[in-house]
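Undergrad: Sequence below, structure please.
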Amino acid sequence: MTTHPDRVAPPRSPTVPDSREARAVSTTVQELQVAVLECHVAALEQQLEAEREKRQAVVDRYERLLAER
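TA: Residues are numbered from 1 along each chain as shown. Sure thing, here's the model as predicted:
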């Protein structure tokens, strides 16, 4: 076998995924995006609940102070 060190193999053209693969990738990306958004919503809901609890604690304290008067 003869090798030619000064020759470079022609670049291969990138393979284009068929439409089924493209849809599978697209679906996977969409599922990932949905999962990220669901996590974000869950985090926001936790923050909202914590804020509600803080506000309720302030109201409870205020009511206790009024009752002591």
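
Undergrad: Next one, pLDDT for the spatially most central residue of the chain please.
TA: Residue closest to the average C-alpha location in the chain (Cα atoms, centre = their mean): residue 36, at 2.3 Å. The per-residue pLDDT reported for residue 36 equals 98.

Undergrad: How about the one 4 residues further on?
TA: Looking at residue 40, its pLDDT is 98.

Undergrad: ok, now the one 4 residues further on?
TA: Looking at residue 44, its pLDDT stands at 98.

Undergrad: by contact count, what packs against the strand or helix carrying it?
TA: Assigned by DSSP states H and E, residue 44 belongs to helix 19-68. Packing contacts for helix 19-68, counted by 3 or more Cβ pairs under 8 Å, 6 or more residues apart in numbering; DSSP states H and E, involve no helix or strand. The C-beta positions use only the backbone N, C-alpha and C, and glycine is treated the same way.

Undergrad: Pull the distance from that helix to the chain's centre.
TA: Relative to the centre of its chain, helix 19-68 is centred 13 Å away, using Cα atoms, centre = their mean, to the nearest Å.

Undergrad: For residue 53, give me its contacts.
TA: Taking Cβ atoms under 8 Å, 6 or more residues apart in numbering, we find residue 53 in contact with no residue.

Undergrad: Distance of it relative to residue 46?
TA: Plainly put, residue 53 is 11 Å away from residue 46 if you go by Cβ to Cβ, to the nearest Å.

Undergrad: Next: residue 37.
TA: 15 Å.

Undergrad: Check residue 55 too.
TA: 15 Å.

Undergrad: and if you look at residue 33?
TA: Going from residue 33 to residue 46 by Cβ to Cβ gives 21 Å.
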